[in-house]
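Engineer: coordinates only, sequence not included:
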């Protein structure tokens, strides 16, 4: 059950970053300062737990701007609830730069 | 989409990491990482950061790729892998590796199969009375003296005898004649050759001396004396590294000629212009002229290389006997052959036999017993019998395993189901049915063998059955 999930500090940090509007892997890296080898596996795990959802950008839009389409992540409803609990557990998360 | 030139190496890293990702996820995984690399490059260019930052970013792909396997190796997948033929071969190859590792990288096998460490090893022969038991008992010392005096076919002749003192915990040793090392062309650890009569005084002098192997000398920690069965010997020389005769385990060589009645092993250097047959005839004639009976005068000369490797024939004999015993008992009930199945059966059986053979060579005294001179009458038959039993076990398992594999994909069959009423055999069929998990077919194994039915019956399943066997 997603409501009962206890996240690690790193996962909670990534969830908080996504909740603050950062939408893709490299964005999260820049906001949190975490390395790519930590952020991407964490995104996979959060998605597997149903806390976030990924969607691919429309290919036609990316092609029109001559860049590759990217994969966006956003919080799901269980993800928002879990984040709220995680913030209670890790109070400093709410003071994170750019997310408060 | 082609990126700038400094994206080539990070992109290569990502493509290399993608090989670790399960195939069904690989395409999407690589698409995301390459897109992210593109945006990372734009960001780095704005920040005037170098290629190293992009490389650090791309190297994280390996961690992510490995993570992809976290939920990939489910119990079902592991079970599926364990059923496959390549897994079986990999496991058996690992067993060969384990034996090699446990034995210290096959020292016995390497020693025996490498060129012998003797000068002109092709002309060195062993001389024994004909017949297996006589060969093991050796030749009387009196006969050796007669040959030394009268033989025209031998350049030189020396004696050796394996000695294990009862209850002694000392190193394995042998007693050899003073010219033994000269005959073989052995050298000392300092690189000097042994002169023919250099060790004569060692045998006849006031104190007995011994020659020690290179490895044993290192364990003496510089001491010039060695104790065997409570008796102290002066170390006269240290042999060159890698020298061995009879067995690589012999550490101490005592010098001394055998008495006239003592039976001993005989090694000789044959003159190059003579055949072994001619030499055998001449040695036999010398003994008959000296009054020995005909039976004792039949000699057998064998090249030392052939003698050293003769234990392999013991193993070949063991394997042959195992095949003879196993095949009739199985009533030749092998599944129908196809080239792939035959190759798998050969590889599987070969690897298992290699395990048994290497264990036989490395962990028994097999290599040290077929040399004549009464070395060890216990371990030779024991190792051969063990190898034969091992070979039988290998063949039984290998054939039984083959019969329980799919005739198409060679996977182990599963989902065993009891069918029919056990014991109700009159015009009925009772037995076990096994299914290939890929849906290639079904094997019917009867409860009891009956003359009117095939022992194992394979039924191929056509494509209409496939949807029943599809896995997630």
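Structural biologist: That came through, no problem. Keep in mind that this is a model prediction, so the values were computed, not measured.
Engineer: Neighbours of residue 20, how many?
Structural biologist: No chain specified, so I'll use chain A. 15 (other Cβ atoms under 10 Å in any protein chain shown). Glycine gets a C-beta too; all of them are placed from N, C-alpha and C.
Engineer: Chain B is the one I meant
Structural biologist: 16.
Engineer: Next, the contact list for the most centrally placed residue in chain A, please.
Structural biologist: Taking Cα atoms, centre = their mean as the criterion, residue A:18 is the residue nearest the geometric centre of chain A, at 3.6 Å. Residue A:18 makes contact with A:28, A:52, A:73, A:74, A:75, A:79, according to Cβ atoms under 8 Å, 6 or more residues apart in numbering or on different chains.
Engineer: Among these, which one lies nearest to residue B:318?
Structural biologist: Nearest to residue B:318, judged by Cβ to Cβ, of the contacts of residue A:18 is residue A:52 at 64.7 Å.
Engineer: Test my guess that that closest one contacts residue A:76.
Structural biologist: Yes - Residue A:52 is within contact range of residue A:76, at 6.3 Å (criterion: Cβ atoms under 8 Å).
Engineer: rewinding a little: pretty sure the residue nearest to the centre of chain A sits in a helix.
Structural biologist: Yes - counting by DSSP: H, G, I helix; E, B strand; the rest coil, residue A:18 is found in a helix.
Engineer: Chain A: helices as residue ranges?
Structural biologist: Secondary structure of chain A (DSSP state H): helices located at A:9-19, A:25-32, A:36-48, A:59-64, A:77-89.
Engineer: in the last one, what counts as buried?
Structural biologist: Buried residues in helix A:77-89, defined by neighbour count with 16 or more other Cβ atoms under 10 Å in any protein chain shown: A:78, A:79, A:82, A:83, A:86, A:87.
Engineer: Ok, the shortest one next?
Structural biologist: Buried positions in helix A:59-64, judged by neighbour count with 16+ other Cβ under 10 Å: residue A:62.
Engineer: how near is the residue nearest to residue B:259 when sequence neighbours are not counted to residue B:408?
Structural biologist: Leaving aside its sequence neighbours, residue B:259 sits nearest to residue B:141 (Cβ to Cβ, 6 or more residues apart in numbering or on different chains; 5.4 Å). Counting by Cβ to Cβ, to the nearest Å, the separation of residue B:141 from residue B:408 is 68 Å.
Engineer: more neighbours, the two?
Structural biologist: For residue B:141 versus residue B:408, neighbours defined as other Cβ under 10 Å are more numerous around residue B:141 (20 against 17).
Engineer: I'd say that one and residue B:265 touch.
Structural biologist: No - here residue B:141 lies out of contact with residue B:265, judged by Cβ under 8 Å, at a distance of 11.1 Å.
Engineer: residues touching the residue nearest to the spatial centre of chain B, list them.
Structural biologist: Centroid-nearest residue in chain B: residue B:358, 2.6 Å away (criterion: Cα atoms, centre = their mean). By Cβ under 8 Å, 6+ apart, the contact list for residue B:358 reads B:96, B:99, B:100, B:103, B:106, B:109.
Engineer: try 6 Å
Structural biologist: By Cβ atoms under 6 Å, 6 or more residues apart in numbering or on different chains, residue B:358 lies in contact with residue B:99.
Engineer: From residue B:56, how far out is it?
Structural biologist: 47 Å.
Engineer: Would you mind measuring from the closest residue to chain A within the stretch 1-150 of chain B to residue A:25?
Structural biologist: The minimum distance from the stretch 1-150 of chain B to chain A, using Cβ to the nearest Cβ, falls at residue B:60 (3.0 Å). Per Cβ to Cβ, residue B:60 is found 10 Å from residue A:25.
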